[in-house]
Every structure is written in structure tokens, then in C-alpha cells.
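# got a sequence here, can you model it:
(2 chains)
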Number of protein chains: 2
Amino acid sequence: MASGLGEVGKDALRGEALAPMARVVTIGDELLTGERVDGNAGWLARRLTDLGFRVTGLESAGDREEDIGEALSRAVSVADLVVVTGGLGPTLDDRTREGVARQWGLSLDESPALVEEMRARFRARGYHDLPAANRRVARVPQGAQVLPNPEGSSPGLWIELPPGATEPTPVILLPGVPREMEAIMAGAAGSAIAHGFQERLAPARSILVYTTGIPESVLAGRVEALVGDDLDVEVAYRPSLRGVEMRLSARGSGAEERLTRARSLLHDALGSHLYHAPSGNLAEAVGKALESRGLRVAVAESCTGGRVLGRLTDISGSSRWVVGGVVAYSNRIKEEWLKVPPALLEAQGAVSQGVVEEMAQGVRTRMGVEVGLAITGIAGPTGATPGKPVGTVWFGVSGPAGLHSERVRFGGGREEVRERAAQHGLHLILQAVSAP
Amino acid sequence: MASGLGEVGKDALRGEALAPMARVVTIGDELLTGERVDGNAGWLARRLTDLGFRVTGLESAGDREEDIGEALSRAVSVADLVVVTGGLGPTLDDRTREGVARQWGLSLDESPALVEEMRARFRARGYHDLPAANRRVARVPQGAQVLPNPEGSSPGLWIELPPGATEPTPVILLPGVPREMEAIMAGAAGSAIAHGFQERLAPARSILVYTTGIPESVLAGRVEALVGDDLDVEVAYRPSLRGVEMRLSARGSGAEERLTRARSLLHDALGSHLYHAPSGNLAEAVGKALESRGLRVAVAESCTGGRVLGRLTDISGSSRWVVGGVVAYSNRIKEEWLKVPPALLEAQGAVSQGVVEEMAQGVRTRMGVEVGLAITGIAGPTGATPGKPVGTVWFGVSGPAGLHSERVRFGGGREEVRERAAQHGLHLILQAVSAP
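As a prediction, this is how the structure comes out:
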């Protein structure tokens, strides 16, 4: 366990100690009941990180003035910049302005310029006059600057809090409508941030590296040995049923070179577990490998029921390298459509090496392509037989390098088995096609 | 603007003023950089609200022990229950346990029982022994109870903080993998909450109603006319590419009856747009309808590339009513496997009424089932021809009531077209099978 001091020392080396700290506060009762998914917090977190801030916290508070005031007060006390979204609209439950005014004892005055601007906007839309409710959005807390909203009627605000402090914290208030929030950040708020923090911002460089077929803990062991302290590259892991995505990031001088070096070390060490795809989707890497070699694939799926085909055809332009396939969810379809001998099905069962090999060859030759993938297994929860527990899946690939088959036993429930099996099938196509 | 007192009055009427307060804390640097969208906070907010808590704040903190400790300390000081996700995994950046131990000066001891359990789990998956990294997850802060994780190796924890306080706040620590977090909440954590808060919780009653093929704005107009003020039922809409999920909720006396009445009104008004499936998945409703009538389906997919088959076979037990299908991503497969006449393909093109009808009949008769669905269209971004813009999709259903075909033009990009088309195809099976 790293000590607190060690921690700070490491951060300082990475230049993070110098990065100004930002906090994001999102306002709205609907966030606290889970009725609305908060996309703004994540969007702002990424934007501020990219700008070179270290985001130290995200917080959501309800619509009550006290709660808003307290959340902002907490944020202002620990951050160099606070960005707030929500509660600036025209309805009565929009109280972010009131929350600020109340917390710091500021007056809230209607801006005649804003009223005039809104009146013009409403007239242009064919309304006779500004609805009374909308005048609420023209009120500006004492000392705040208006950040124009090109997409709507509620402007953003920039205010330094606490008022009169020697080193006040800039607080940016933005409407909660994502389009409007993003437009103000791209415009007036972005400019104000650049102006206020210019010299203190040193954006991090980062790259994403995708792996499949290797558990997070095993991967982390290997990676930490490779890109540890020497390279000063930070690694974050994002595991899913499809594999583990790694984000490598570095700051300071030579960051770019250290990342390139780290990627190349990982490439050598992880072999076929590492794949290249801008989207992070293994199917994209499969498509590229097939297309670059002028090969086409067809797939025969049983337990994955169309998932591999679905993933392949997700990729735009996939008709150049996938012709189609068969979902053979019954033995009869395996016999009639893939020419699996009934005697083989009878003797070995549908989930067997013999059957999967026949399926792979059957779909390849009958669909007239160079690569055939077949998958047959027991996704569960039912269907297990003695010696073939739930999660048992046979894979077969018939391709340029001949016929390959293997059995894997996946853990987890039906959904997990199907998702992992589809991913494994894609990985096998990639390996068969990439073989030297 | 409603006065503060008015607010409290309203809450008290709903019994909310008495509701215990909960806070959610999500842990992870990847949340603060915006790399990962935080779905856990919203999920927990909704779950806790349903259980009868008033959620007063959501907060995300980074992976550093100090930050975790401070965020938890703040939450514990203002809430009756704190639920934390993230930072319980095996890698070195998982430090929630350490953050708790450090903040409150607790020891962190390895649990021999947990180590043994994990060792068995890894052996069952074919590993010789437990990777060293995984032992990290077996450490338990002094005084914490283990909440078993049925979906993974990192258990949840229940700990009352500050230790030794007369009225400590229960804190639930959960892993950040959504599947695991949800499973523990459904299991041990849920039971512990029920046990600890039983008498103080006045949960809302709620039901979910699923619709497809009707836009949110049209739906909301119809629904509000039906279940407005009279029934005192609140409606929340959750739109997705597959349809709109409505959550109907009510509190107080007769809540159950008012919800039943609302559902029945909606059922009459929305016709086939409303479907019944405990999982919310239309494919489940399709499966039930087929099975109850003793029918089996086969599918021929072009632009959806296996998605319909994938959705059907997602359902456990689907082999009773889906035999399989063909993904015909090239014209040759349509000709050879589905017996679409080459002259028809030549004359009308692959995306045409004639071709989709042949595909539907071809897959039904050649797979020997009672219902055949066919889909052919232009998912984009390329492939548009004069008169057939991107998003044009032909559907054909060959079933007990004869042959039906229709054309739909979907908006949006490739992913949206494919997802909406697959959903529409499922809806057509349901309608064909449910027809009187």
C-alpha cells in the first residue's frame, strides 16, 4: 500500500500536482430519483480532463436552494474551478441562481439587456411577448457575468465565489439541456476558462489499448511488470465480458514517446490478446484482417444464435468480407443446412468436436468462402448433460491454415456465456486469418 | 416560487419527510476523467428511491484513499444509509477498502474463508492457484460483514461508521461491475437494508409498462389523457431505440388498485403497441406468444445481420420455438439458400417487396416451420439508391394468417436503423402470431 506521501510524490512527478483541480456539480431532483441518467457530469468530466484539469469529484444535488448552496459551497472550498449544470431554466423548480444568491447573500437582479434579448427571441418565434415565467432566467446574481447561450434562452453565468475573497474560485453555471450546455462550453465558457487558467493547464496524453481472452488480474500482473515506474505511464483497466480495455496516460515531457514505447512493449508481450481497432470493437479488427487478405467469412452459430453474425455485420462495409451464415438452433437445421451427418449428431451429440468441425467446414464450403467459423455449446440454464456442464462451448474454424477446433468452458449465466463465446469466436477468426 | 414551508408540507403529505436519507458514492478515476459513464449511480438512486429512501446526493470520487475516505466521511455525516460502488476489485487502483480503513483507523485483515472460496472458484476455471492479486479482494475492514457476490469474486461489505458511534450509519460497499453490484443489491445487501430500515421505509408501488412502435411524444399525449390527476399515478418515460418504457408509480392508500386500473386503461388504449414481458424484452413476449400457440419461427435477415435471431435466442428455452435462420448478407446466399429467383433480384433489387416476400416464404418452408420473418434493407451509411434512401427496410412475415409485407423508413445512423429494424421485426412476429 502506497503511503500518502509517496502518493503525492508520484503525482508531482507526473505533473498532476500542478494541474488545477475542478469539480462538477449537477442539479436536479430527477437525478436523485434515478429518473434521468446524468450524461452531463461525464461529458464535463471528460472535457475538463482534456483541457488539463484534474477533476477531483462529481456531485449531484437536488433542486432545493439549501442543497444547491451547500453543494456549491463544498465544491468552491476544495476546487480551483467549479462547473455546475441544471436549475437555470424557466420553471419554478429551477433554483440554481437562488441557491447561489442565498448561500453567499447576493442580490438577484433582472438584467434589462437579457430581458430585451429574450423578448426579441420570442417575437421572432411568433409570440406576442415574453411569457412571465421566462423572465426568471434573466435574473443574474450580483457580480456574475453572462455567458451567452447560442442554443436556448437560459444563459450561462460565470461568478467568482466567495465574493470578495483574495483568491476566489470561478464557478460556471450552465443549463442542464445537454445541447445548450455543450454549446456554451464550446463558446463563452471555454474562452473564459482558457483566459483564466491558460498557463496552468498541461493536458494529459493518453491512448487506449484493447485486449481479449485474458482476465484482468492476469493482465494487470503482466502489464505492471512492463510499464511500471520506469516509463511513468499510468494504466487504467476497464473490464467487460468482451475483454479488458486499458487506458495508458502520461503527462510532461516525452509523454508521447513513453506512450508509444509502452504500447510497443504491450504489443510484444500480449501477442494475439491485443488487437487494433479504433472503435475498440474486436469485430472491426476481424473485418480489417479479412479484407486486407482478400478473404470472406461465413458463420454457423448454435448457442450464440446470431451474435457473431450480428457483431460482424455491425461494421459498416462488412458486406465486403462477410457473406452471411446460418443459425442452426435445432439438430435438423444442422443436418439439412450444414450437412452434419445424423449419425455423428447421434453418436457425439450436438455439442462435440466432430459436429463443430463439420459445421465449420459445411458453412465454409456451402457458402463458398475462404473462412468458416462454427460455434455449438450449452448457454444454459438448461441443456447440461453428464460431462458437458453449462458453459461448455465447442469452436471450429475452417480456413486457409486448415481446420482448428477447441473447447472452452465459460463461467457465468446464459447472457455471459453467449457474450463471451461470441467474442471468443471473433478472436478465433482473427487468429486464423492473422496466422503467418 | 414555492416557499420552503410549502415544500416541506408537500413532502410530508407524501410521507417523504419521514423517509430515511441515502447517499450514493461511486469510486473510480475513470469516472472523473469521463472515460466511463457512471450507470451505477443512477441505478442505485432509482433502487433506493423505490425502496422508500430519499436520495439526497450522488457523488463520485477518485481512486485515492484520502479522496475515498473524505467522500465517505462527508456522506456518513449527513445520511442514514450510504451505498458505495467501485474500488473493490483485484488491481492496485482498487482502494475502497483501504480508504475506509485509513479514514476510520481500522485494520484490514484477510479473511481465510474468502481466500478459500476464491481459490475453489479459480480452480474450477482451470487455474492452478489463486493469482496473488486476487487475494487483495479477500481483505475485510475490521467490523465489516461480508455480502456474498453471486456473480464475481469481489464480495460486497456492510460496515457501520463511524465505528463505535451511538447511531452509526450503515455503509454498503459494492463492486463497480454493474452485473455484480445489481446481484448483491438483489441479494444480501437488499436483505440487510430491509432488516435495518424495515419500519422506516414507505416504498412507492410501481409497475413497468413496455411499448414499442410509438414515439414518446405521441405516447405521452395519450397517456396523460388517461391516467392524469384522477388516478394520482405518476408516469416516467424511458425512451430507447427499442421503444418507450413507462414507469407508473403511486404512493399511499389504494396505490396498488390505482396502478392496476392505470395499466388496464393503457392496455385498452395502446393496443398492440403495449406488450407484456417481465424482462421488458419484446423477444420474450414473442417467445411466449409462439409457444402458447405451438408455433415455431425461422428468420431470414439481411440488413439486421443476425440481430433478430440473436434477440430471439437470448431467451432461455428459445429452442422450443425458434429453429434458426439464415443471415443472407449477399445476393448469392439469398438465391441459393432462400430460393429467391435471380430474375426477381435483378428486376426489383435486394431491398424490395418481391424479394422480402420470397425470403419470408423461403425461410419458412425450407426450415419447415409455421412462421417465417424476413428483413432486407439499407442500414447505411452506404448502399442508398435512387428511391431507396438509407433507412429503407422491407419486412415480410409468412405465417398462419398468410403473407404480410411492409416497408418502413427509419431515421438515424447504421446502428439505429439496425436496432429499430430488429425491434420492428420482432413486433411483426408478435402481431402475426397474436392476430385473432
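
# tell me the bridge partners for residue A:403.
Per DSSP bridges, residues listed as beta-bridge partners of residue A:403: residue A:398.

# again with residue A:108
Assigned bridge partners for residue A:108, using DSSP bridges, are residue A:141.

# close enough to count as contact, it and residue A:141?
Yes: contact criterion C-beta atoms under 8 Å: residue A:108 and residue A:141 qualify, at 5.6 Å. C-beta: built from backbone N, CA, C; applies to glycine.

# more crowded one of these two?
A count of neighbours by other C-beta atoms under 10 Å in any protein chain shown puts residue A:141 above the other of residue A:108 and residue A:141, at 24 against 15.

# any shared contact partners between residue A:108 and residue A:141?
A:97, A:101 (C-beta atoms under 8 Å, 6 or more residues apart in numbering or on different chains).

# could you say which helix or strand holds the residue of chain A most remote from its centre?
Computed with C-alpha atoms, centre = their mean, the residue of chain A farthest from its C-alpha average is residue A:343, at 47.9 Å. Here residue A:343 sits within helix A:342-348, counting by DSSP states H and E.

# can you list the residues that contact the next helix-or-strand element following that helix?
Note on helix A:342-348: by DSSP H and E, the next helix or strand toward the C-terminus is helix A:353-366. Counting by C-beta under 8 Å, 6+ apart, helix A:353-366 makes contact with A:298-300, A:302, A:325-326, A:328, A:334, A:337-341, A:344-345, A:347-349, A:370-376, A:394-399, A:403, A:405, A:407, all of which sit outside it.

# tell me which of the residues you listed fall in helices.
A:334, A:337-338, A:344-345, A:347-348 (DSSP state H).

# which residues of the stretch 201-350 of chain A lie near chain B?
The stretch 201-350 of chain A comes close to chain B at residues A:216-218, A:220-221, A:224, A:236-239, A:247, A:299, A:301, A:303-310, A:312-314, A:316-319, A:322-330, A:332-333, A:337, as judged by C-beta under 8 Å from any C-beta of the partner chain.

# and the residues you listed, which of them are buried?
A:216-218, A:220, A:236-239, A:247, A:299, A:301, A:303-310, A:312-314, A:316, A:318-319, A:322-330, A:333, A:337 (16 or more other C-beta atoms under 10 Å in any protein chain shown).

# ok, now which ones touch the nearest residue to residue A:296 once chain neighbours are set aside?
Closest residue to residue A:296 apart from its sequence neighbours, by C-beta to C-beta, 6 or more residues apart in numbering or on different chains: residue A:369 at 4.2 Å. Applying C-beta under 8 Å, 6+ apart, we find residue A:369 in contact with A:295-298, A:323.

# ok now the helix holding residue A:343, how far from the chain's centre?
45 Å (C-alpha atoms, centre = their mean, to the nearest Å).

# can you give me the strands in the stretch 101-250 of chain A?
Assigned by DSSP state E, counting those that start in this stretch, the strands in the stretch 101-250 of chain A fall at A:108-110, A:139-141, A:145-147, A:156-161, A:169-174, A:205-211, A:234-240, A:243-250.

# least reliable of those going by mean pLDDT?
The stretch with the lowest mean pLDDT among the strands of the stretch 101-250 of chain A is strand A:234-240, at a mean of 86.

# what strands line up against it, and which way round?
In its sheet, and by DSSP bridges, strand A:234-240 pairs with strand A:243-250 (antiparallel).

# which residues does the closest residue to residue A:81 other than its chain neighbours bridge with?
Nearest non-adjacent residue to residue A:81, counting by C-beta to C-beta, 6+ apart: residue A:22, 4.4 Å away. Per DSSP bridges, the residues bridged to residue A:22 are residue A:55, residue A:81.

# thinking again about what came up before, quick one, phi/psi of the residue nearest to residue A:296?
In terms of degrees, to the nearest 10, the main-chain angles of residue A:369 are phi -120, psi 180.

# any idea how far it is from residue A:74?
According to C-beta to C-beta, to the nearest Å, residue A:369 stands 61 Å off from residue A:74.

# now for residue A:103: which residues touch it?
Contact analysis of residue A:103 by C-beta under 8 Å, 6+ apart lists A:68-70, A:72-73.

# of those residues - the most surrounded one?
Ranked by neighbour count (other C-beta under 10 Å), those have residue A:72 at the top, with 27 neighbours.

# that one touches residue A:83, doesn't it?
No: counting by C-beta under 8 Å, residue A:72 does not reach residue A:83; the two are 10.9 Å apart.

# between those two, what contacts are shared?
Here residue A:72 and residue A:83 have A:25, A:171 as joint contacts, going by C-beta under 8 Å, 6+ apart.

# and for stretch A:114-125, what's in contact with it?
Applying C-beta under 8 Å, 6+ apart, the set of residues contacting stretch A:114-125 from outside is A:129-131, A:134-135, A:137-138, A:140, A:146, A:153, A:155.

# let's see that with 6 Å instead.
Residues outside stretch A:114-125 that contact it (C-beta atoms under 6 Å, 6 or more residues apart in numbering or on different chains): A:130, A:134, A:138, A:153.

# could I get those residues in a markdown table, plus columns for neighbour count?
Formatted as a markdown table, the contacts of stretch A:114-125 follow (neighbours: other C-beta atoms under 10 Å in any protein chain shown):
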| residue | neighbour count |
| --- | --- |
| A:130 | 19 |
| A:134 | 19 |
| A:138 | 23 |
| A:153 | 19 |
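
# out of the residues you listed, which sit inside helices?
Reading helices off the contacts of stretch A:114-125 with DSSP H, I get residue A:134.

# can you pull the contacts of residue A:236?
Counted by C-beta under 6 Å, 6+ apart, residue A:236 has contacts A:247, B:30.

# where's it relative to residue B:32, distance?
Relative to residue B:32, and taking C-beta to C-beta, residue A:236 is found at 11 Å.

# got it, and residue A:392?
From residue A:392 across to residue B:32, the span is 41 Å (C-beta to C-beta).

# okay, the two: which has more neighbours?
residue B:32 (31 against 23).

# now that one. Nearest residue, chain neighbours left out?
In space, and not counting its chain neighbours, residue B:32 is closest to residue A:55: 4.2 Å by C-beta to C-beta, 6+ apart.

# could you list the domains of chain A?
A:20-200, A:205-275, A:282-434 (automatic domain parsing).

# run through the bridge partners of residue A:240.
residue A:243.

# how many neighbours does it have?
Neighbours of residue A:240 (other C-beta under 10 Å): 15.

# how about the one 5 residues further on?
Taking other C-beta under 10 Å as the neighbour definition, residue A:245 ends up with a count of 19.

# that one against residue A:239, yeah?
No: using C-beta atoms under 6 Å, residue A:245 is not in contact with residue A:239, being 7.9 Å away.

# how far does the longest helix along chain A sit from the chain's center?
Criterion DSSP H: the longest helix present in chain A is helix A:414-434. Its chain's average C-alpha position is 21 Å from that of helix A:414-434, according to C-alpha atoms, centre = their mean.

# by contact count, what packs against it?
Here helix A:414-434 touches helix A:282-292, helix A:307-314, strand A:371-377, strand A:392-399, going by 3 or more C-beta pairs under 6 Å, 6 or more residues apart in numbering or on different chains; DSSP states H and E.

# now do 8 Å
On a contact count with 3 or more C-beta pairs under 8 Å, 6 or more residues apart in numbering or on different chains; DSSP states H and E, helix A:414-434 meets helix A:282-292, strand A:297-301, helix A:307-314, strand A:371-377, strand A:392-399, strand A:402-409, helix B:307-314.

# can you redo those as TSV with mean pLDDT?
TSV is the format used below for the helices and strands packed on helix A:414-434 (pLDDT from 0 to 100):
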stretch	mean pLDDT
helix A:282-292	97
strand A:297-301	98
helix A:307-314	97
strand A:371-377	98
strand A:392-399	97
strand A:402-409	96
helix B:307-314	97
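
# now the ones you listed in CSV, with distance to residue B:363?
Converted to CSV, the helices and strands packed on helix A:414-434 look like this (distance: least, C-beta to C-beta, whole Å):
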stretch, distance to residue B:363
helix A:282-292, 24
strand A:297-301, 16
helix A:307-314, 15
strand A:371-377, 20
strand A:392-399, 24
strand A:402-409, 28
helix B:307-314, 11
